[in-house]
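Colleague: The sequence and its predicted three-dimensional model are supplied below.
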2 protein chains.
Amino acid sequence: MSDDIAFTDHDTALIDSAIELLKADNFTELSELLASHEPAEIAHLLESLPDIRRSSLWMQVPEDFKGEVLSHMGEVALLSLVGHIDQEDVVNAAVDMDTRELASVIETIPDDIGEAIRESLDYRGLRELDATLAFPEDSAGRLMHTEAVSVRADVDLETVLRYLRFRESLPDHTVGLMVVDREGHFLGELPLSMLLTCQPDILVSEAMNPDAERIRPEVDQRDLAMLFRDHNLVSVAVVDEEDKLIGRVTIDDIVDVIQDEADRQILGAAGLDAEEDMFAPVIPSARRRAVWLGINLGTAFLAAWVIGLFEATLDQVVALAVLMPIVASMGGIAGSQTLTLIIRGIALGHVSSSNTRWLAYKEVAISILNGCIWALVVGLISYLWFHEILISSVLAAAMIITLLAAALSGVAIPLLMEKTGIDPALAGSVVLTTVTDVIGFMSFLGLATLFLL
Amino acid sequence: MSDDIAFTDHDTALIDSAIELLKADNFTELSELLASHEPAEIAHLLESLPDIRRSSLWMQVPEDFKGEVLSHMGEVALLSLVGHIDQEDVVNAAVDMDTRELASVIETIPDDIGEAIRESLDYRGLRELDATLAFPEDSAGRLMHTEAVSVRADVDLETVLRYLRFRESLPDHTVGLMVVDREGHFLGELPLSMLLTCQPDILVSEAMNPDAERIRPEVDQRDLAMLFRDHNLVSVAVVDEEDKLIGRVTIDDIVDVIQDEADRQILGAAGLDAEEDMFAPVIPSARRRAVWLGINLGTAFLAAWVIGLFEATLDQVVALAVLMPIVASMGGIAGSQTLTLIIRGIALGHVSSSNTRWLAYKEVAISILNGCIWALVVGLISYLWFHEILISSVLAAAMIITLLAAALSGVAIPLLMEKTGIDPALAGSVVLTTVTDVIGFMSFLGLATLFLL
């Protein structure tokens, strides 16, 4: 208990102890340490170890944890672990996974191990797995538990209480029982708190909440996360097209969805995979990152080409070469502020067709204000530096033009991408930087060519 | 019900309808629309309207929703709304907030309205408010509900069931009852599922989970979020230094913590406030963003100064001016990949003192690999462009140096900031860009000066 009280830095303390025990080859204490933690914590620990150390730790994971540990790992880390451990171990671990976990693991691991797992399943398990895999990725159907407890509306609470006592257990995160009719149509939810506080002789139909939220399995996980957040839900019923109850989604999975969505945005903005493994081996990591560097090299050469158009100007006024990165850099910064805000607004459902014009107006107004302020500042500083009023004026004018273009592209790029189905969190920043670089260099050097030569 | 089924794009549909009704001055339908939604959805809607439209919508919010609506709004949006509506309205709304909500609202709104709210509270309310405000910001104490239902360990389940029926209601998100001894010490949790499925004649002490997690109110919210995630919790007991039960934290608040933390990282990386209001008025928004632009202007001038050191070189070889942004740009991109990964790793508890050396080694190895590959590519392309083998070699060498420096600073900057208490999510990218710009320009132009002149 004192262990839980001293909870701060919980996770990194586990990492440090585990690494120490691994280094000392003290496997007895290591397996004791692991046995006293949750599978999710062990998965987190595995992800915090370098690739090569993971298989030695894996061997000390308690057998009955292994399924849950695998199902909690990120895609890239899972794939690398599975490559280093006994295939049979993975197949055995799969037995302890529920269908949802199994579906997500099987989509990640190599096909041959997936096939071995499928062969180990019984007919019912296989059918459930295929039913889950049939739902689109990132849909509610993939998160759905099928073991919801349902009761009929026309019985009294006393009967429900007797039934539960006979049942002997309830699934995790059960805060209510699903109420269905004879054909399985979802009628509402009977909160456990009502079951416990109402008189036992009233009917389920009188105590239940008939307006309980219900969703279809095709609903996107992110929309589902908003529903949970806005309605303070712990679980929600999933129904088919005939309104028949087919399962429920619980909040512990929604917490993961919110976390994954944040990862996708944070890592995606730097061109990293949402499932990126911090301790992945060097070669595949380098390869994954090289793609992003390559794309950015393309835009850097584009900017260089724009500069190249003004070689003659630069040759005459070398001060321009010194000052030109300032305009492009400020454009990039201002543009990425707008871009980040709009992408986040889209993700959180703040941006709709009827408020984008206001948004664009506001961003443009901000950029004009800030453009004028910083144009004055850079104009002044560059004048004190080079004592060339014309260069300073051109720099100031280019700053205003570039910040304005940055605001417009910061609004337009994510909205256009969203419409055409490109993920702005991934591709937005490259496109934006390209625009701000090109306009930044072009306006500064172009105006300089017009007025200075 | 059909309304919930067609759930996709839920939030933006509400925004569109509300804006249409606002434009048509159709306040009757508008207030009906609002009454059929949750307070959290209305808060979200208010945040999705431009500043000037918010007060007209606010007037149509059902009176009994107003407290919850205010408590769900982001800081900046709340502050702007409160500035536009009747102060009395805010004071009246405060009556419907629980202590936790009130504490967070009172810290945001202007002091005079806060004072008016305090005056409207009774002695007990005021004492509870001050007790909550005494906990550090972002601690579990600020999230804690004080109305947990507790039972004694030495009674049987039948007695508990009778007590609950007498009590007539349970707080939201109750999945278990807190078990305490005569002095109020926390002994464990009695899950409702055990209460419902065990035989009524057994004792609470036999059915309860004595290992249920408990935390102290000082625990940081982010650590708490990890605990909830790793242990699949719905609620957790909060105890004081004597292990006495003082409240509980529920998962609906943890969902908000995870969301806020993601906002902090995503918006912070662009120098935006975590509570930034998308539709805030132009002037204050421009002012908030100007700070970030000003800081970045400083780093841009620093880079310009570095370039200025090599004015003589640039004057002789103008091709250098064309190519120099490529090195700095690639350094910035590669560095921000490392930086993003490390910041995310710190936030999710993957980085500890014992694995940072591995991490640094891996990032350096990746940067050398990618440095060599892209050095070759830029060398080749620049040779095809300018036919100057020396310039191309200098460019390639500068690329390797800059990517290496980018990796080292991408690891070192967030770790050093974390140690000195600076938030790397906010300040990391500016410092990193400064380093990569300076090293990028310095290595390229420096090597060029050495070998070309």
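Modeller: Sure thing, it's come through.

Colleague: quick one: A:E241 and A:I106, what's the gap?
Modeller: A:E241 sits 26 Å away from A:I106, going by Cβ to Cβ, to the nearest Å. Quick note: C-beta positions are derived from backbone N, CA and C, even for glycine.

Colleague: do the same with A:E128
Modeller: For A:E128, the distance to A:I106 equals 12 Å [Cβ to Cβ].

Colleague: if we can go back for a sec, so which of A:E241 and A:I106 has more stuff around it?
Modeller: A:I106 (19 against 9; other Cβ atoms under 10 Å in any protein chain shown).

Colleague: tell me the SS of that one?
Modeller: When classified by DSSP: H, G, I helix; E, B strand; the rest coil, A:I106 comes out as helix.

Colleague: A:I326 contacts A:V394, doesn't it?
Modeller: No. Look at A:I326 against A:V394 with Cβ atoms under 8 Å: they stay out of range, at 12.0 Å.

Colleague: Please name the spatially closest residue to A:F228 (chain neighbours excluded).
Modeller: In space, and not counting its chain neighbours, A:F228 is closest to A:I254: 4.7 Å by Cβ to Cβ, 6 or more residues apart in numbering or on different chains.

Colleague: quick one: the one you found and A:L224 touch, right?
Modeller: Yes. When contacts are counted by Cβ under 8 Å, A:I254 is listed as touching A:L224 (6.7 Å).

Colleague: Overlap in contacts, those two.
Modeller: A:L143 (Cβ atoms under 8 Å, 6 or more residues apart in numbering or on different chains).

Colleague: Just the mean pLDDT for the helix or strand where A:E119 lies, thanks.
Modeller: In this structure, A:E119 sits in helix A:111-120 according to DSSP states H and E. For helix A:111-120, the mean per-residue pLDDT is 92.

Colleague: and the next helix or strand after it, what other elements does it pack with?
Modeller: Later in the chain than helix A:111-120, the nearest helix or strand by DSSP H and E is helix A:123-134. In terms of contacts (3 or more Cβ pairs under 8 Å, 6 or more residues apart in numbering or on different chains; DSSP states H and E), helix A:123-134 is packed against helix A:99-108, helix A:140-143.

Colleague: so helix A:123-134 versus helix A:99-108, what angle?
Modeller: 70 degrees (axes from the mean of the first three to the mean of the last three Cα atoms, to 10 degrees).

Colleague: Kindly export helix A:123-134 (C-alpha atoms) in PDB.
Modeller: C-alpha atoms of helix A:123-134 as PDB (Å, rounded to 0.1, in the frame of the first residue of the first chain):
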ATOM      1  CA  TYR A 123     -15.000 -22.400 -34.500                       C
ATOM      2  CA  ARG A 124     -16.700 -19.900 -32.300                       C
ATOM      3  CA  GLY A 125     -13.500 -17.900 -31.600                       C
ATOM      4  CA  LEU A 126     -12.700 -17.800 -35.300                       C
ATOM      5  CA  ARG A 127     -16.200 -16.600 -36.200                       C
ATOM      6  CA  GLU A 128     -16.100 -13.800 -33.600                       C
ATOM      7  CA  LEU A 129     -12.600 -12.800 -34.800                       C
ATOM      8  CA  ASP A 130     -13.800 -12.500 -38.400                       C
ATOM      9  CA  ALA A 131     -16.900 -10.600 -37.300                       C
ATOM     10  CA  THR A 132     -14.700  -8.100 -35.500                       C
ATOM     11  CA  LEU A 133     -12.200  -7.800 -38.400                       C
ATOM     12  CA  ALA A 134     -15.200  -7.100 -40.700                       C
END
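
Colleague: Quick check: buried residues in it?
Modeller: For helix A:123-134, burial by neighbour count (16 or more other Cβ atoms under 10 Å in any protein chain shown) applies to A:G125, A:E128, A:L129, A:A131, A:T132, A:L133.

Colleague: what does stretch A:102-114 give?
Modeller: A:L102, A:A103, A:S104, A:V105, A:I106, A:T108, A:I109, A:I113, A:G114.

Colleague: Strands along the stretch 1-150 of chain A, start to end?
Modeller: All strands of the stretch 1-150 of chain A, identified by DSSP state E, counting those that start in this stretch, fall at A:150-152.

Colleague: any idea where the helices of it begin and end?
Modeller: Counting by DSSP state H, counting those that start in this stretch, residue ranges of the helices within the stretch 1-150 of chain A are A:2-5, A:10-23, A:27-35, A:39-47, A:51-58, A:66-72, A:75-84, A:87-94, A:99-108, A:111-120, A:123-134, A:140-143.

Colleague: Which one of the ones you listed lies nearest to B:R167?
Modeller: helix A:2-5 (28.6 Å; Cβ to Cβ).

Colleague: Give me the mean pLDDT for that closest one.
Modeller: Rounded mean pLDDT across helix A:2-5 is 38.

Colleague: What of stretch A:337-349?
Modeller: Regarding stretch A:337-349, the rounded mean pLDDT is 91.

Colleague: Could you do stretch A:129-144 as well?
Modeller: 92.

Colleague: so how far is that stretch from its chain's centroid?
Modeller: How far stretch A:129-144 lies from its chain's middle: 18 Å, per Cα atoms, centre = their mean, to the nearest Å.

Colleague: Quickly note the distance from A:L408 to A:H145.
Modeller: Distance, A:L408 to A:H145, using Cβ to Cβ: 47 Å.

Colleague: same check, this time on A:T449
Modeller: 67 Å.

Colleague: repeat for A:E75
Modeller: Taking Cβ to Cβ, one finds A:E75 at 22 Å from A:H145.

Colleague: again, but for A:L14
Modeller: Distance from A:L14 to A:H145, by Cβ to Cβ: 28 Å.

Colleague: quick one, which of these two is more surrounded?
Modeller: A:L14 (21 against 18).

Colleague: pretty sure that one is in contact with A:A40, am I right?
Modeller: No. Contact between A:L14 and A:A40 fails when scored by Cβ under 8 Å: they sit 11.5 Å apart.

Colleague: pretty sure A:G271 belongs to a helix, no?
Modeller: No. Going by three-state DSSP, the assignment for A:G271 is coil, not a helix.

Colleague: Spatially nearest residue to it, not counting backbone neighbours?
Modeller: A:W292 (3.1 Å).

Colleague: who does whichever strand or helix holds the one you found touch, helix- and strand-wise?
Modeller: According to DSSP H and E, A:W292 maps onto helix A:282-308. In terms of contacts (3+ Cβ pairs under 8 Å, 6+ apart), helix A:282-308 is packed against helix A:424-452, helix B:319-347, helix B:356-386.

Colleague: Would you tell me which one of the ones you listed is buried the most?
Modeller: Of all the helices and strands packed on helix A:282-308, helix B:319-347 has the most neighbours on average by mean count of other Cβ atoms under 10 Å in any protein chain shown, namely a mean of 26.

Colleague: Is chain A within reach of it?
Modeller: Yes. Shown here: helix B:319-347 in contact with chain A (Cβ under 8 Å from any Cβ of the partner chain) through B:319, B:321-326, B:328-330, B:333-334, B:336-337, B:339-341, B:344-345.
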